[in-house]
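Student: Sequence unavailable; structure follows:
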């Protein structure tokens, strides 16, 4: 059976993460049978990470504030999580189904795929997004 996506709910959550006037900084989309649905959203990155369990397949759209002494800005990332207990066929489906998520989640600076919580360390993600952001004025003296 072909995978479907709840476009309205997922697009609404995506827009809330991108909206500067909300505190929402993450949204997670996971499988409910053969449909990708909104699994949750919130303001605490650790809350997002708690959904990344060994038996879960999900996609996370995350806002992280990066920058340097000269400027702060929101950067966005798409994280694909495939838990350690996910079987081969389901693992393979994640990569082909990601196109459904990317039809909605279109703007992000960097993409990550992870299956170990160590790979989701917030400081690591922040540093990678900072590198993707271009100019870094932290090295300059004031």
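Tutor: Arrived safely. The shown structure was predicted, so the numbers you read here are calculated from the model rather than taken from an experiment. Residues are numbered from 1 along each chain as shown.
Student: which residue ranges form the helices in the chain?
Tutor: Using DSSP state H, the helices of the chain run over 7-18, 45-50, 88-102, 122-132.
Student: Distance to residue 39 added to the ones you listed, as TSV?
Tutor: Bear in mind the C-beta positions are built from the backbone N, C-alpha and C, glycine included. As requested, the helices of the chain are arranged in TSV below (distance: least, Cβ to Cβ, whole Å):
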stretch	distance to residue 39
helix 7-18	9
helix 45-50	10
helix 88-102	12
helix 122-132	19
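Student: between those helices, which has the poorest average model confidence?
Tutor: Mean pLDDT values for those show the minimum at helix 122-132, a mean of 88.
Student: residues of that helix that come out buried?
Tutor: Counting neighbours by 16 or more other Cβ atoms under 10 Å, one finds that the buried residues in helix 122-132 are 125, 126, 128, 129, 130.
Student: Could you check how many residues crowd around the nearest residue to residue 56 once chain neighbours are set aside?
Tutor: Distances taken as Cβ to Cβ, 6 or more residues apart in numbering place residue 83 nearest to residue 56, at 4.8 Å, with adjacent residues excluded. Using other Cβ atoms under 10 Å as the criterion, residue 83 is surrounded by 18 other residues.
Student: For residue 33, which of the helices of the chain is the nearest?
Tutor: Residue 33 lies closest to helix 88-102 among the helices of the chain, at 12.0 Å (Cβ to Cβ).
Student: And that closest one, what's buried?
Tutor: Residues 94, 97, 98, 100, 101 are the ones in helix 88-102 that count as buried (16+ other Cβ under 10 Å).
Student: Farthest pair within those?
Tutor: 94 and 100 (10.7 Å).
Student: Residue 84 and residue 105: what is the separation?
Tutor: Separation of residue 84 from residue 105 (Cβ to Cβ, to the nearest Å): 24 Å.
Student: One more: residue 59?
Tutor: With Cβ to Cβ as the criterion, residue 59 and residue 105 are 7 Å apart.
Student: Now the common contact residues for these two.
Tutor: Common neighbours of residue 59 and residue 105 (criterion: Cβ atoms under 8 Å, 6 or more residues apart in numbering): residue 78.
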